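> Provided below for reference: sequence and predicted model.
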Amino acid sequence: MAEVRAEMVANVWKIVVGEGDTVNEGDTLVILESMKMEIPVVAEDAGVVAQIKVAEGDVIQEGDLIAVIE
């Protein structure tokens with residue numbers, strides 16, 4: 001199981017994958033927006049998205065859990 005966490009304070013602009021989706025290493029999971037820049041959050045491991053812990057429009061802090069991949 002791999003936890004995907006935020007690396008900075010940002011807004012969740014778009015969620016690209018859903019729970020149950022299969023992802024490969026490097027696939028974009030969500031897109032964050034910070035200071036008018038779009039920052040993709042990518043899977044570090046291949047697997048199945050078990051949980052999405054954020055919603056579009058959420059403001060997240062550094063270290064917040066974004067998703068869990070099994």
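Right, received. Where do you want to start?
> low-confidence ranges in this structure?
Nowhere does the chain drop to pLDDT under 70.
> need the strands for it, in chain order.
2-5, 10-15, 22-23, 28-34, 37-42, 47-52, 59-60, 65-69 (DSSP state E).
> Identify each buried residue in the first one, please.
Within strand 2-5, the residues that qualify as buried are residue 4, counting by 16 or more other Cβ atoms under 10 Å. From N, CA and C alone the C-beta is placed, and that goes for glycine too.
> ranking the strands of the chain by burial, who's on top?
Mean neighbour count, computed with mean count of other Cβ atoms under 10 Å, is highest for strand 65-69 among these, reaching a mean of 19.
> What lies in contact with it?
Identification of contacts with strand 65-69 by Cβ atoms under 8 Å, 6 or more residues apart in numbering yields 1-6, 17, 23, 29-30, 41, 43, 45, 47-54, 60.
> if we go to 6 Å?
Residues outside strand 65-69 that contact it (Cβ atoms under 6 Å, 6 or more residues apart in numbering) are 2-6, 29-30, 41, 43, 45, 47, 49-54.
> Give me the angle between it and strand 28-34.
For strand 65-69 against strand 28-34, the angle by axes from the mean of the first three to the mean of the last three Cα atoms, to 10 degrees is 170 degrees.
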